[in-house]
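Visitor: Dropping the sequence and predicted coords here.
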Amino acid sequence: MDIWINKGFSISTNKKYLDVDLIHNFLSQEAYWSKGIPKEIVIKSIENTPLCFGVYKGEISNEVGEQVGFARVITDLATYAYLCDVFILPDYRKLGLSKWLMEIITNHHELQGIRRFMLATKDAHSLYSKYGFEPIDNPELFMIKLRKSPYQQ
């Protein structure tokens, strides 16, 4: 469990601090990539992801502050990582929290030996490029099996 504190905010990898209702609400209602995702799927994804990063207003001590952001890194902690479900709540954007979160994630000690660190984004290329992410050189090497609208009944 890691904790970082900066300018009245905290980031932690301790899953017990995560506000699953808040995460589910954002992912199911606001995120373009996961509209309609069931809460059970969000819970299962968190349980099975080795590195989840919660962003909180205030310092983490015995009582956790209000959660204002989140990210998951799906990884084997050896060769591959996939960054996903990254968000900062709208009221807390433009405070540098996404940059700080990316700094913490990309410098995390468990991710330093990773050979391939990937993500997908529709609109945040400029943010991620600041942390070493770049377009795929040979996209023809990659394939995807994608279920369209898996959360829609």
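Guide: Looks like it came in fine.
Visitor: Could you count how many residues lie near Cys84?
Guide: Applying other CB atoms under 10 Å, we find 16 residues neighbouring Cys84. Placement of C-beta: from N, CA and C, glycine included.
Visitor: Nearest spatial neighbour of it, chain-adjacent residues omitted?
Guide: Excluding the flanking residues, the one nearest Cys84 by CB to CB, 6 or more residues apart in numbering is Arg72, at 5.4 Å.
Visitor: Show me the shaky parts of the chain.
Guide: Along the chain, the model assigns pLDDT under 70 to residues 1, 61-64, 152-153.
Visitor: Spell out the residue ranges of the strands in it.
Guide: Secondary structure of the chain (DSSP state E): strands at 3-6, 9-12, 51-57, 67-75, 80-88, 116-119.
Visitor: would you turn those strands into a markdown table with distance to Tyr131?
Guide: Listed next are these as a markdown table, based on distance: least, CB to CB, whole Å:
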| stretch | distance to Tyr131 |
| --- | --- |
| strand 3-6 | 16 |
| strand 9-12 | 15 |
| strand 51-57 | 14 |
| strand 67-75 | 12 |
| strand 80-88 | 10 |
| strand 116-119 | 9 |
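Visitor: Of all those strands, which one is nearest Ile23?
Guide: Nearest to Ile23, of all the strands of the chain, is strand 67-75, at 5.3 Å by CB to CB.
Visitor: tilt between the closest one and strand 51-57?
Guide: 170 degrees (axes from the mean of the first three to the mean of the last three CA atoms, to 10 degrees).
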